[in-house]
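Student: sequence plus predicted model, see below.
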Amino acid sequence: MDMRAVIEDLVEEAERQIREQTWAPEPADRIVAAKAAADLGAAVGPPEAQQALSAVDRLAHLREALADLAIALAQIHGRLAWFIGAATTALTPILHWRALPTEDGPTFGTVRPTRDQYAEAEDAIRRLQSTLADISTV
């Protein structure tokens, strides 16, 4: 299952829980969700902007988004933490990517992602950003 599909499944679960009132985001949840949404939006821009970047910059933006999620996760507990934690786990393939060619040595198990993989990860982050923005207004 690709990152987009995993994030979509998580989003559907969160939306269902909110709709069924299994999860009623508290004020602290909404504040953290709003900040995380803003940070993700700043890290990963629209597709056209991302595609215009070099591979090094695209990867840096994706890693920044992961860092933003880690910071949000450290600030919250309960269902929002579970949601953000699961989303971060879905995005961990990014941590195994490299943008630079090898220099005749080991790469610590990193691989060079394809353009499609960059786009998939960026789309997943945009979907996550949109959902966190929605959670912030519930």
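Tutor: Here it is on my side, so go on.

Student: C-alpha only now, for contacts and for neighbours.
Tutor: Noted.

Student: can you name the residues in contact with stretch 20-35?
Tutor: Residues from elsewhere that reach stretch 20-35 (C-alpha atoms under 8 Å, 6 or more residues apart in numbering): 14, 17-18, 72, 75-76, 79-80, 132-133, 135-138.

Student: could you rerun that using 6 Å?
Tutor: By C-alpha atoms under 6 Å, 6 or more residues apart in numbering, the residues outside stretch 20-35 that reach it are 17-18, 132-133, 136.

Student: tell me the spacing between the most centrally placed residue in the chain and Trp23.
Tutor: By C-alpha atoms, centre = their mean, the chain has its centre lying nearest to Ile125, at 3.9 Å. Per C-alpha to C-alpha, to the nearest Å, Ile125 is found 22 Å from Trp23.

Student: now stretch 126-136 - C-alpha only, CSV.
Tutor: Taking C-alpha atoms only, stretch 126-136 is exported to CSV below (Å, rounded to 0.1, in the frame of the first residue of the first chain):
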residue,chain,number,x,y,z
ARG,A,126,-1.1,17.7,1.5
ARG,A,127,-4.1,15.4,2.3
LEU,A,128,-2.9,15.1,5.9
GLN,A,129,-2.5,18.9,6.0
SER,A,130,-6.1,19.4,4.8
THR,A,131,-7.4,17.0,7.4
LEU,A,132,-5.5,18.6,10.3
ALA,A,133,-6.9,22.0,9.1
ASP,A,134,-10.4,20.4,9.3
ILE,A,135,-9.8,19.0,12.7
SER,A,136,-8.7,22.4,13.9
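
Student: check what pLDDT the residue lying farthest from the centre of the chain gets.
Tutor: When distances are taken from the C-alpha mean of the chain, Asp104 lies farthest, 31.9 Å away, according to C-alpha atoms, centre = their mean. We have a pLDDT of 76 for Asp104.

Student: over to the one 3 residues further on?
Tutor: At Thr107, the pLDDT value in this model is 92.
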